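> heads up, no residue letters with this:
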């Protein structure tokens, strides 16, 4: 049993390389879907297909919207710190 498990455990020693280009960001969608399904399945008492799918879709959408808003805020903050604000501070008014 241990000999069969060693290759599986060894595969977790090196992380998967995921780029930061827009296509690579699509890996976010299956991760968010899995998180939504597992979270909702642990919180709901009885799983009925249609209400469960609606609640999971709502959670999926809210997580994606939050991630997009957080990314936009962080992008604007990084732009402000590296772009116009340091240029304004470098200019002397005298």
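Perfect, I can see it now. The structure presented is a predicted model; accordingly, all values stated were derived computationally and were not measured. Numbers count the residues shown, from 1 in each chain.
> Just give me the residue right at the centre of this protein.
The centroid of the chain falls nearest to residue 28 when counting by Cα atoms, centre = their mean (5.3 Å).
> helix, strand or coil for residue 7?
Assigned with DSSP: H, G, I helix; E, B strand; the rest coil, residue 7 falls in the helix class.
> roughly how far apart are it and residue 16?
16 Å (Cβ to Cβ, to the nearest Å). Where you see a C-beta, it was placed from the backbone N, CA and C, and this is true even at glycine.
> before we move on, back to that, tell me if I'm right that the residue nearest to the centre of the chain and residue 67 touch.
Yes - taking contacts as Cβ atoms under 8 Å, residue 28 lies within contact range of residue 67: 7.0 Å.
> ok, the residue nearest to the centre of the chain - contacts?
Contacts here follow Cβ atoms under 8 Å, 6 or more residues apart in numbering; on that basis residue 28 touches 64, 67.
> now for the lengthiest helix in the chain, which elements pack on it?
Longest among the helix segments of the chain by residue count, using DSSP state H, is helix 49-82. Helix 49-82 sits against helix 28-43, with contacts defined as 3 or more Cβ pairs under 8 Å, 6 or more residues apart in numbering; DSSP states H and E.
> Might you list the low-confidence residue ranges for the chain?
Where the chain drops to pLDDT under 70, the residues are 1, 85-94.
> go with 80
Within the chain, the stretches with pLDDT under 80 are 1-4, 8, 11-20, 83-94.
> Roughly how far does residue 51 sit from residue 44?
Separation of residue 51 from residue 44 (Cβ to Cβ): 8 Å.
> Please read the previous query as pertaining to residue 5.
To residue 44, residue 5 is 33 Å away according to Cβ to Cβ.
> Repeat that for residue 26.
28 Å.
> still on that earlier bit, so between residue 5 and residue 44, which is more surrounded?
Comparing residue 5 with residue 44 by neighbour count (other Cβ atoms under 10 Å), the higher total belongs to residue 44, at 13 against 9.
> so what's residue 47 closest to, chain neighbours aside?
residue 41 (6.4 Å; Cβ to Cβ, 6 or more residues apart in numbering).
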